[in-house]
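>>> kindly generate the corresponding structure for this input.
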Amino acid sequence: MSFGNFLFGKPIATSEERAERIGWAAGIPIFGLDALSSAAYGPEAALTLLLPLGVTGVAYILPISLSIIALLTIVYFSYLQTIEAYPNGGGSYTVASENLGTMPGLLAAAALMIDYVLTAAVGISAGVGALVSAAPSFEKYTLPLCLGILLIITIINLRGVRETGAVFLLPTYLFVGTLMVTIVMGCAKAFASGGHPQPVDPFPHPPAAVAMAGAWILLKAFASGCTAMTGVEAVSNGVKAFREPTARHARMSLTAIIALLIVLLAGIAYLVKAYGIAATSPGQSGYQSVLSMLVGAVAGHGVFYYITMGSILLVLALSANTAFADFPRLCKVISHDNFLPRSFGFRGRRLVYSYGIYTLAVLTAILLTIFGGVTDRLIPLYAVGAFLAFTLSQAGMVGHWRRVGGRGSGAVMAINAVGAFVTGITVLVVLVAKFIEGAWIVLVLIPILLAVMIAVRRQYHNMSMQISSQSPLDCRCFTKPLVVVPVDRWSKIPQRALTFALTISTDVVAIHVASDERRTYLEESWHDLVDAPVTELGMIAPKLVIISSPYRFVITPIVDYILDLSRKFPDRQIAVLIPEVVESHWYYHLLHNQRATALKTLLYFKGNPQILVINMPWYVQP
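Numbering: from 1, shown residues only. Next comes the predicted model:
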């Protein structure tokens, strides 16, 4: 078995695609990890902003969580309609593009792309944060651990959808199961004690209050707590990953994800209030996650605690998989409309969109490195993109039902209208509350992404206008090309190129840039090496042109000579044969073929349709 097959799995035939599709239960770990795992850091993000209120702040977590749950329920019903109306997937981008126009669609796409990169970074950093909370000695390795987990998730996703679901199935259900047990145990103790249970193991007490509760602090806490809703749109983006009937399986998976998330958010909020657990400052000595303190308070620091924290670590880290499942699919849909490079629409050896996975991995690594892998530094950037996409998607669905109509369309249109209004208000709240803390970065990145996508579309349009043709092949004015062969030194490489050049044209020019003694050798030997054997066959021998280069430049004189030929013979096709050695290992190729690569790059960059560049590789063993 080759190393590639061992690492990424054997290639999958296109005909086997149907077997790679998943059922609703497998969709929970693949598309629901981000939403479910946000129960671990959403409440904590809100509690962190309530720290200045001391003990009083803990009491506000329950009403804030209930507000988020109400918003989540509205968005859930809206996305049920989206899945039903758009069973081919595409999510917010497709809905907004078809019903609101191109620019709103691109705005939704840009917001979602940024949100997915943040989803991957926040999930991994929160997972490592859970590990640091349980084992503080690992705190100094936060960033390396984040990058290592990112690499593992990238490789798993390159192996295909079904294998990804199989890998994530056990950690997901272990996470949900242990937290459910914690919630049931904690609620039972709270009810038995009249709402004031005693913790099994102590935890840091809330700090003294340094501020009064006000609308601004509560709005900021709500905005941070809304990170618990990110990932809800994932199922609507990946409907095509489900087996037939796709819409039914997608709706079942979304329903299960939302139901589990609501129970987790409500249970955690109630127990945090009952036990009086406040957040600790992330990134500082003695930091403990809210879930770590909660599990310790309910069950103590025994075997169950470490199993639970282990499952939280795994699921938080693996929650980045939601981004890896949806980001490549979103890029594929956008690339089909020519707003991203078409390579994003190509499927790799395991029927996954590999270029999207690579891009997401690189962007996530950059983000983790910039922010040191600390969740609290990333949270302020989070949720703006998600709620902007929510709003555009639901507004697009209102337009869809107005256009399509039909029985019951008024009721579902009302649901989507309420969803658009509520999420639109939430966008403003989140944006204002988090603007200074980092949300402004998202506002800067979205226009940049829009500009990039528009530029890509314009480039594809320009290229299409230049190369498009409906006329038949015209051979009336056929003339053989003028062939140019750069020659560095005499060897089998240029010999092979010249031989091929003589088979396609009688007008062949060999160029040599002279900066050393090889000029003399070529001038003196050209007759014996080339002229004599060619003329003996009754053919016209290639002409040798030597260009002096006193400053030892090689590539630029060749390019200038070829461009001069194109100006001198405007009606001739000029074919440039570039002979090069290609060694079996890519790193040898980089070491030994810089000139050939530079020459091809410059000629391509000039973009002259009169010049045809032909590679002539000679494959050798290192």
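
>>> quick one, strands of the stretch 451-600 of the chain?
Ranges of strands within the stretch 451-600 of the chain are 482-486, 508-514, 543-548, 574-583, based on DSSP state E, counting those that start in this stretch.

>>> any chance of those in CSV with distance to Tyr355 as columns?
To be clear about C-beta, it is placed using only N, CA and C from the backbone, and glycine gets the same treatment. Formatted as CSV, the strands of the stretch 451-600 of the chain follow (distance: least, Cβ to Cβ, whole Å):
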stretch, distance to Tyr355
strand 482-486, 32
strand 508-514, 37
strand 543-548, 40
strand 574-583, 23
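
>>> among the ones you listed, which comes closest to Leu218?
Closest to Leu218 of the strands of the stretch 451-600 of the chain, according to Cβ to Cβ: strand 574-583, at 64.3 Å.

>>> rounded mean pLDDT for the closest one, please.
On average, the pLDDT along strand 574-583 is 83.

>>> tell me the angle of that strand relative to strand 482-486?
With axes from the mean of the first three to the mean of the last three Cα atoms, to 10 degrees defining the directions, strand 574-583 sits at 30 degrees from strand 482-486.

>>> contacts for strand 574-583?
When contacts are defined by Cβ atoms under 8 Å, 6 or more residues apart in numbering, strand 574-583 is touched by residues 481-486, 493-494, 496-497, 500-501, 504-505, 562, 565-566, 589, 592-593, 596, 599-600, 603, 610-622.

>>> 7 Å instead?
481-486, 493-494, 496-497, 500-501, 562, 565-566, 589, 592-593, 596, 599-600, 603, 610-620, 622 (Cβ atoms under 7 Å, 6 or more residues apart in numbering).

>>> whichever strand or helix holds Ile30 - contacts with which helices or strands?
Ile30 is part of helix 24-31 when elements are defined by DSSP states H and E. On a contact count with 3 or more Cβ pairs under 7 Å, 6 or more residues apart in numbering; DSSP states H and E, helix 24-31 meets helix 161-192, helix 234-237, helix 246-275, helix 320-336.

>>> ok, and what's touching the second one?
With Cβ under 7 Å, 6+ apart as the test, helix 234-237 has contacts from 27, 31, 34, 79, 82-83, 89-91, 250, 253-254, 322, 325-326, 329-330.

>>> pLDDT averaged over stretch 177-192 - what is it?
Stretch 177-192 shows a mean pLDDT of 92.

>>> now do that stretch: distance to the chain's middle.
Centroid separation for stretch 177-192 versus its chain: 37 Å, with Cα atoms, centre = their mean, to the nearest Å.

>>> likewise for stretch 356-363?
Relative to the chain's own centre, stretch 356-363 is displaced by 5 Å; criterion: Cα atoms, centre = their mean.

>>> buried ones in that stretch?
By 16 or more other Cβ atoms under 10 Å, the buried positions in stretch 356-363 come out as 356-357, 359-361, 363.

>>> same question, stretch 332-341
Within stretch 332-341, the residues that qualify as buried by neighbour count (16+ other Cβ under 10 Å) are 332-335, 337-341.

>>> lowest-pLDDT helix or strand in the chain?
Every helix and strand of the chain was ranked by mean pLDDT, DSSP states H and E. The lowest is helix 586-592, at a mean of 53.

>>> what ranges in the stretch 301-450 of the chain fall below the confidence cut-off?
Regions of the stretch 301-450 of the chain meeting the criterion pLDDT under 70 cover residues 349-351, 375-377, 379-380, 382.

>>> can you give me the strands for it?
According to DSSP E, counting those that start in this stretch, the stretch 301-450 of the chain contains no strands.

>>> any chance you could map the helices in it?
Taking DSSP state H, counting those that start in this stretch, the helices of the stretch 301-450 of the chain run over residues 303-318, 320-336, 354-370, 375-378, 384-404, 409-434, 440-467.

>>> Glu139: which of those is closest?
Of the helices of the stretch 301-450 of the chain, nearest to Glu139 by Cβ to Cβ is helix 375-378, at 12.9 Å.

>>> hang on, the earlier thing: dump the helices and strands packed on helix 24-31 to a markdown table, plus distance to Ala420.
Formatted as a markdown table, the helices and strands packed on helix 24-31 follow (distance: least, Cβ to Cβ, whole Å):
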| stretch | distance to Ala420 |
| --- | --- |
| helix 161-192 | 31 |
| helix 234-237 | 15 |
| helix 246-275 | 18 |
| helix 320-336 | 20 |
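
>>> nearest the geometric middle of the protein, what residue?
The chain has Leu360 as the residue nearest its centroid, 2.7 Å off, counting by Cα atoms, centre = their mean.

>>> burial count for the residue nearest to that one when sequence neighbours are not counted?
Spatially, and ignoring its direct neighbours in sequence, Leu360 is nearest to Phe327 (4.6 Å; Cβ to Cβ, 6 or more residues apart in numbering). As a burial measure, Phe327 scores 28 neighbours (other Cβ atoms under 10 Å).

>>> now do the closest residue to Leu271 other than its chain neighbours against Val132, distance only.
Nearest residue to Leu271, sequence neighbours excluded (Cβ to Cβ, 6+ apart): Gly186, at 4.3 Å. Per Cβ to Cβ, to the nearest Å, Gly186 is found 24 Å from Val132.

>>> and Gly214, by the same measure?
32 Å.

>>> which one's more surrounded, these two?
Higher neighbour count among Gly214 and Val132: Val132, with 25 against 10, using other Cβ under 10 Å.

>>> for that one, what are its contacts?
138-139, 142, 287.

>>> how near is it to Val430?
27 Å.

>>> need the contact list for the most far-flung residue of the chain relative to its centre.
The outermost residue of the chain relative to its centre, with distances by Cα atoms, centre = their mean, is Glu536 at 61.2 Å. Listed by Cβ under 7 Å, 6+ apart, Glu536 has no contact partners.

>>> what pLDDT does it get?
According to the model, Glu536 scores 91 on pLDDT.

>>> any weak-confidence spans in the stretch 151-300 of the chain?
For the stretch 151-300 of the chain (pLDDT under 70), the answer is 161-166, 207-213, 282-286.

>>> just give the number of residues close to Leu577.
Neighbour number of Leu577 under other Cβ under 10 Å is 22.

>>> just list whatever residues bridge to it.
For Leu577, the beta-bridge partners are Ile614 (DSSP bridges).

>>> please begin residue numbering at 8 from this point
Right, with 8 as the first residue, what we last looked at is Leu584.

>>> mind checking how far it is from Ile562?
In terms of Cβ to Cβ, Leu584 sits 16 Å off from Ile562.

>>> what does Thr189 give?
66 Å.

>>> okay, these two: which has more neighbours?
Neighbours per residue, other Cβ under 10 Å: of Thr189 and Ile562, the larger number sits with Thr189, 23 against 19.

>>> thinking again about what came up before, what is the neighbour count of the residue nearest to Leu278?
Using other Cβ under 10 Å, Gly193 has 24 other residues around it.

>>> also the one 5 residues further on?
The number of residues packed around Phe198, counting by other Cβ under 10 Å, is 11.

>>> residues contacting stretch 494-508, please?
Contacts of stretch 494-508 (Cβ under 7 Å, 6+ apart): 490, 492, 515, 517-519, 525, 529, 532, 536-537, 549, 584, 586, 588, 623, 625.

>>> need the three-state assignment for the closest residue to Pro211 other than its chain neighbours.
Of all residues not flanking Pro211 in the chain, Thr287 sits nearest, at 5.8 Å (Cβ to Cβ, 6+ apart). At Thr287 the chain is in coil, as set by DSSP: H, G, I helix; E, B strand; the rest coil.

>>> so Thr287 is in contact with Pro213, correct?
No - if you go by Cβ atoms under 7 Å, Thr287 and Pro213 don't touch, sitting 9.8 Å apart.

>>> more crowded one of the two?
Shown here are Thr287 and Pro213; by other Cβ under 10 Å, Thr287 has more neighbours (23 against 20).

>>> for the more buried one, phi and psi?
phi -110, psi 160 (degrees, to the nearest 10).

>>> show me just the buried residues among the contacts of strand 581-590.
488-493, 500-501, 504, 507-508, 569, 572-573, 596, 600, 603, 606-607, 610, 617-618, 620-621, 623.
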